[in-house]
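Engineer: what's the 3D shape of this:
(chains A and B)
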Amino acid sequence: MSLTTESFAIQLAFWVLSFCTVISAIAVVQIQDLFRSALFLIVTFLGIAGLFVLLGAEFLAGVQLMVYVGAISVLIIFAILMTRDLEEGNPSHSFRIPVAIVAILFMLFSIYAITVGTNWDSRLISETLNQEQQTEAGKIFFADSIPNLANLLLTDFVLAFELVSVLLLAAAVGALALVRNR
Amino acid sequence: MIASTPAFFISFDSLKDLFVNLIQSLGFGESFGWVAFLLAGISISFLIINVMVMATAFYTWFERRMIGRFQVRRGPNRNGPFGIFQPFADVLKLIMKEDTIPDAADKPVFTLAPIALLAPTLMIMIVIPFGTYLRDDALLSNLNIGILFIVGVTSVNSIAIFMAGWGSRNKYAILGSMRGAAMLISYEIPMALGITSVLLLSGSLAMTQIVQSQSIWFILVMPMGFFVFMAASTAEMSRTPFDQIEAESELGSGYNTEYSGIKFAVLFLAEFMAPIVTAAIVTTLFLGGSQGFDFLPGGIWFAIKMFVLIFLLLWVRSTWPRLRIDQIMGFAWKVLFGLGLFNIFLVAVEFMVAVELGHTKDDGSLTTEYMLIMAAVNWMVTIIAFVILANFVGKKKYHRPEPTASPLANMGIGGD
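Structural biologist: All right, here's what the predicted structure looks like:
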């Protein structure tokens, strides 16, 4: 079984997944029924998880499933079930288009800044290696990326890792403070 | 393990090779390899779906017969020997019934909900390592993230239950699904804690690695983790001690109140497939998967262990009384959550001690002798913890006001 024949299936999977993701992402914002748009949001999350798998980031795909599909979507649906006047959807307002444009520009800018600004190889592979050796080292790294990811999270990025937990704690305390009986 | 044995075990790779040879013998070139890839995937999925549906059919018969035994009655015994054709009669009846959709229902959501509930349950089976003579291969794919995949895929269940409840536009169905989602989210945490303690010792998320690292079965090494995982997964299946989704006595039938015909059959199928899938997961995580003595192939050992676990789950279901929803949530957050964290702490400390004392093998896993010592210590700790929980912490009852008789209750006696 050569690599080229399998890569056709992977190409096919990529296009199907991307198509589903984009279509359902459009559906999330275009559909009036809030519950259905939440369901399309879940389809979007699933598609993104599939794209992560194609990129070789299986761990991220698993976490995407567990956190976004399993937890965040359920919270969104809970919030929707507690809301009245579901059928009408959001009232439209005049800031809609400008806000959307600003958000899109901000997203594009940050994606551009991150992709260009990051030195993708330096953390994994020393720069003395040539192109082929770097590719080999990258393959070894991504073949079993979970231990390496764990090492990076608990050594180089430990501050960010812990800060995120504190952020979640703050959110939980804030929620409790909001609903507490006065 | 025996080196050369008949390859009765079908796997994705063997099927793919078969289709590649077939395509090449038909005169197509290398460029049609992706057809073989797709055909192999489709045929193994077909196989998994059919085997699981048949297994579930016989499991429903087994469960009803056994619950009959437990309740001193006969159970289904009319169709075929010992009533073994009862599931086919049930399915035929359900298929022939009218498939009604309520007028107010959200039709696409209502229709998709049974599929969304069944699909994740089936998808779990592709990473379960049923085992061969040669290696502990999974049926479809040895994923690197095996157990994470399982946790992620199971979490889709709560959304499917929401879809069923909301799509029905029935207040009992919505109540059932909201209770269910609250419960499923809460019990996912102790379940993940139970899994984490296994991962500490196995050092890998892949199901085959987890099986291979069990030189001593993990049920012996960490009984507390086993208890936490079993309790949490019983709740995830929402079977009797925890059945709040389908509370027949208070909610009609919960999330499936409005379902009938083939859609109800699919919901029913997903519900009864859950114990089989859970038993497979627990066998892999705690009972050493396909390990066993050499006179039987690994797959048979796997099936025997699964059967024992299924019977255990059935036993719990048929003998234990139901809990109220507040008791269920309290049990998740006050008991299982604490026990799970304590178990992780215990295992982690023991692992660090092992590393300090040099009881590790070359690949970083623990030696068998050290795991035996761990087993002894952990059993004692577990028993002490359960005794303390049951006798001291559990004795603190809820403080409720004394019930006072309604003035209407004794109208005839003390009144005018």
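
Engineer: Kindly report the residues of the stretch 201-350 of chain B close to chain A.
Structural biologist: Residues of the stretch 201-350 of chain B that fall close to chain A, judged by C-beta under 8 Å from any C-beta of the partner chain: residue B:205. Yep, even glycine has a C-beta here, placed from its N, CA and C like the rest.

Engineer: Could I get the full set of helices for the stretch 201-350 of chain B?
Structural biologist: Using DSSP state H, counting those that start in this stretch, the helices of the stretch 201-350 of chain B run over B:207-212, B:218-221, B:223-236, B:248-251, B:261-286, B:298-319, B:325-330, B:337-357.

Engineer: Could you tell me which residues of chain A lie near chain B?
Structural biologist: So chain A meets chain B at A:1-2, A:4-6, A:8-9, A:12, A:33, A:35-36, A:39, A:42, A:49, A:58-59, A:61-66, A:69-71, A:73-74, A:77-78, A:81, A:144, A:146 (C-beta under 8 Å from any C-beta).

Engineer: Tell me who's in contact with residue A:46.
Structural biologist: Applying C-beta atoms under 8 Å, 6 or more residues apart in numbering or on different chains to residue A:46 gives the contacts A:65, A:69.

Engineer: Pull up the per-residue confidence for it.
Structural biologist: Note for residue A:46: predicted pLDDT of 90.

Engineer: again, but for residue B:220
Structural biologist: We note a pLDDT of 85 for residue B:220 in this prediction.

Engineer: burial of it, as a residue count?
Structural biologist: 19 (other C-beta atoms under 10 Å in any protein chain shown).

Engineer: Also residue B:83?
Structural biologist: When neighbours are counted by other C-beta under 10 Å, residue B:83 registers 18.

Engineer: now stretch B:287-298: mean pLDDT?
Structural biologist: Averaged over stretch B:287-298, pLDDT sits at 77.

Engineer: And it, what's buried?
Structural biologist: Of the residues in stretch B:287-298, B:287-292, B:297-298 count as buried by neighbour count, 16 or more other C-beta atoms under 10 Å in any protein chain shown.

Engineer: Among these, give me the pair with the biggest separation.
Structural biologist: B:287 and B:297 (16.4 Å; C-beta to C-beta).

Engineer: which SS class is residue B:79?
Structural biologist: Following DSSP: H, G, I helix; E, B strand; the rest coil, the label given to residue B:79 is coil.

Engineer: and the gap between it and chain A?
Structural biologist: Distance of residue B:79 to chain A, computed by C-beta to the nearest C-beta, to the nearest Å: 40 Å.

Engineer: which residues sit in contact with that residue?
Structural biologist: B:85-86, B:88-89.

Engineer: tell me which of those residues is nearest to residue B:317?
Structural biologist: Residue B:317 lies nearest to residue B:86 out of those, by C-beta to C-beta, at 18.4 Å.

Engineer: List the residues that contact the closest one.
Structural biologist: Shown in contact with residue B:86 (C-beta under 8 Å, 6+ apart): B:60-61, B:64, B:76, B:78-80.

Engineer: wait, what's in contact with the nearest residue to residue B:378 once chain neighbours are set aside?
Structural biologist: The shortest distance from residue B:378 to any non-neighbouring residue, by C-beta to C-beta, 6 or more residues apart in numbering or on different chains, is to residue B:222 (5.5 Å). By C-beta under 8 Å, 6+ apart, the contact list for residue B:222 reads B:197-198, B:201, B:343, B:346-347, B:374, B:378.

Engineer: of the residues of chain A next to chain B, buried ones?
Structural biologist: Buried among those by 16+ other C-beta under 10 Å: A:5, A:8-9, A:33, A:35-36, A:39, A:42, A:49, A:58-59, A:61-66, A:69-70, A:73-74, A:77, A:81, A:146.
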